[in-house]
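Asks: Please work out how this folds:
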Amino acid sequence: MAGSSKYAWPLQVFFDGACPICSREIAFTRRRDRLHHIEFIDIAGVEFDAAAHGLALQRLNEKMHAKGADGRVYIGVEAFRQIARALPASLLTLGFRGLLHIPGVMWIARLYYSWFAKNRLRLGGRCTAETCSIK
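Replies: Numbering: from 1, shown residues only. Below is the predicted model:
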């Protein structure tokens, strides 16, 4: 489906539905996707096949991925930037988009997101470092 902007939709967003924090963020985003520009794909689903999307499951488990209609893959903070672009303009999305253009903010956002991605299972209460790890 083509959007009214210069971007082609849908944007496929690959998320870990077994991660409580990730699931809450996706639910929040899904409610704001009134134009249906985003296709949400749960990588924890039993029928999910990463290879069918040209992706590797291990990499998907390490950081959030988004894939544009043109096939371009966005990882981590860049995926969040594309999600904000896909959502209708609001103070929240416009603020987020603007914030990421301030010099130095992307560097900080990437650093924080890398830490969060490595610790998301523990932070979400899904497990501890002693009981599981991302495979």
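
Asks: And the residue nearest to Lys67 when sequence neighbours are not counted, how close does it get to Arg120?
Replies: Sequence neighbours aside, Gln12 is the residue nearest to Lys67 in space, at 4.4 Å (criterion: C-beta to C-beta, 6 or more residues apart in numbering). For glycine as for every other residue, the C-beta is placed from the backbone atoms N, C-alpha and C. According to C-beta to C-beta, to the nearest Å, Gln12 and Arg120 sit 20 Å apart.

Asks: Neighbour count: these two, which is higher?
Replies: Arg120 (20 against 17; other C-beta atoms under 10 Å).

Asks: what secondary structure does Glu39 sit in?
Replies: strand (DSSP: H, G, I helix; E, B strand; the rest coil).

Asks: what's the burial count for it?
Replies: 17.

Asks: Next up, the contacts around Ile83.
Replies: By C-beta atoms under 8 Å, 6 or more residues apart in numbering, Ile83 lies in contact with 11, 13, 29, 38, 66.

Asks: Quick check: mean pLDDT of stretch 32-42?
Replies: For stretch 32-42, the mean pLDDT works out to 94.
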